[in-house]
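Asks: Provided below for reference: sequence and predicted model.
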Amino acid sequence: MKKRLLFNSIYTKFTLIFLGIWWFLNSLTFGVIMLIMKNSVFAELTVDRQEFYNEFQRIRMATGVAFQLSAVIGTIIILLTVRKIIKPIKLISEASKQVAKGNFDTQVMVKSEDEIGQLASDFNLMAKELMSIDHIHKDFVSNVSHEFKTPITSIRGFAKLIRNGQLSEDQLQEYSEIIVNESERLSLLSTNLLKLSELDSKSIREQATIFSLDEQLRSCILILESDWTEKNISLDIDLEKTTYLGDEHLLQQVWINLIQNAIKFSNQNGLLRVNLYGSEESIRVDIADNGRGIPEEDKERIFDRFYKADKSRSKDGNGLGLAIAKKIVDLSKGKLYFTSEIGKGTTFTVELPFINGDG
């Protein structure tokens with residue numbers, strides 16, 4: 001096994017190649033000179049052959065020493081050069097094994113401007129991205145566990161109180177209502193998680209149909225009528241007549257999520273604005289509220305899963321609505337972004353590539 005490793009070593013291969021070249025050149029030189037000595041033209045010269053041969057041998061010995069010295073120096077240079085090349089490759093190989101074990105914080109300390117340096121840089125970037133994905137996965141599992149645990153605990157607690165009896169009619173009605181609400185919350189959470197999973201795995205394929213986008217927005221506003229009338233919210237609706245070719249079901253989910261979000265963060269007696277504009281290049285939908293606005297520290301994470309900008313509303317929703325909306329808009333090759341000012345409200349904007357349903 002050791003013999004095989006020795007002859008498979010790149011150091012050994014380079015050394016043998018170099019020595020082989022040296023031996024070939026040395027032998028070639030001697031052979032050429034001997035042919036010259038046997039040539040008929042050379043035989044007519046007055047120089048004594050033996051004297052010439054002796055002189056040639058001395059030159060050959062001196063040349064041989066020079067070749068041997070150059071072979072030693074060349075071998076050393078080759079070994080050092082190969083070692084310089086092999087060392088970072090070994091470091092990357094060892095780091096790859098660590099990443100395979102789940103140690104995503106592994107980094108390769110190789111700084112060079114050549115291809116090996118670029119490979120090391122790409123490896124470090126890959127490891128960093130894997131570590132980020134791993135953190136997201138762990139946070140996701142932790143958040144899912146928390147979101148399920150809270151309503152389950154509530155349902156179990158109130159169910160025990162009902163089972164024990166000795167409750168007034170009002171208490172029984174109240175506790176039963178809590179159990180129903182928490183069950184609906186669990187059902188919504190499960191539905192949203194399933195939707196996100198399908199969007200992540202891209203198992204949902206767009207079912208493109210021709211439909212009226214302005215009528216779809218009006219329908220979504222009517223679906224949520226009980227929510228905005230409960231807070232006595234006024235509406236400012238301006239929808240251009242627009243025929244669109246896209247996934248009607250998925251886009252309806254976007255509008256409902258964004259309008260629900262706007263209603264949730266609108267003040268009592270507030271204003272909800274929904275506008276639809278069309279151009280030759282894109283379609284733009286603005287959904288705005290005049291609520292409290294989004295704090296600066298929350299803006300970067302507003303589309304993160306389970307993130308809730310208003311911690312006082314921890315029981316309202318599960319922090320997945322905006323994440324789902326963003327995924328669907330991305331799938332539709334559009335853009336979803338927002339502007340917000342504290343005390344003045346927030347506007348979410350959806351831009352979709354213009355695809356005229358009329359052809």
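Replies: It's in.

Asks: which residues of the stretch 151-300 of the chain fall in strands?
Replies: Here the stretch 151-300 of the chain has its strands, by DSSP state E, counting those that start in this stretch, at 208-212, 234-239, 243-247, 271-278, 282-289.

Asks: Next, format these as JSON lines and append distance to Val254 and mean neighbour count.
Replies: Yep, even glycine has a C-beta here, placed from its N, CA and C like the rest. Putting the strands of the stretch 151-300 of the chain into JSON lines (distance: least, Cβ to Cβ, whole Å; neighbours: other Cβ atoms under 10 Å) gives the following:
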{"stretch": "strand 208-212", "distance to Val254": "14", "mean neighbour count": "15"}
{"stretch": "strand 234-239", "distance to Val254": "15", "mean neighbour count": "13"}
{"stretch": "strand 243-247", "distance to Val254": "10", "mean neighbour count": "19"}
{"stretch": "strand 271-278", "distance to Val254": "13", "mean neighbour count": "19"}
{"stretch": "strand 282-289", "distance to Val254": "9", "mean neighbour count": "21"}
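
Asks: Just send those back as TSV, with distance to Leu91 and mean pLDDT too.
Replies: Formatted as TSV, the strands of the stretch 151-300 of the chain follow (distance: least, Cβ to Cβ, whole Å; pLDDT from 0 to 100):
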stretch	distance to Leu91	mean pLDDT
strand 208-212	50	89
strand 234-239	60	94
strand 243-247	48	88
strand 271-278	56	93
strand 282-289	49	94
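
Asks: for those, which one sits closest to Lys97?
Replies: Taking Cβ to Cβ, strand 243-247 is the member of those nearest to Lys97, at 44.0 Å.

Asks: Check which helices and strands the closest one sits against.
Replies: The contact analysis (3 or more Cβ pairs under 8 Å, 6 or more residues apart in numbering; DSSP states H and E) places strand 243-247 against strand 208-212.

Asks: The strand it packs on pairs with which strands, parallel or anti?
Replies: Strand 208-212 has its sheet partners listed here by DSSP bridges as strand 243-247 (antiparallel).

Asks: and the angle from the strand it pairs with to strand 282-289?
Replies: 80 degrees (axes from the mean of the first three to the mean of the last three Cα atoms, to 10 degrees).

Asks: hang on, the earlier thing: so which of the strands of the stretch 151-300 of the chain comes closest to Ile78?
Replies: Closest to Ile78 of the strands of the stretch 151-300 of the chain is strand 282-289 (Cβ to Cβ; 61.4 Å).

Asks: In the protein, mark out all the helices, start to finish.
Replies: Using DSSP state H, the helices of the chain run over 2-8, 10-38, 40-43, 49-100, 115-164, 169-200, 213-223, 225-230, 248-264, 321-331.
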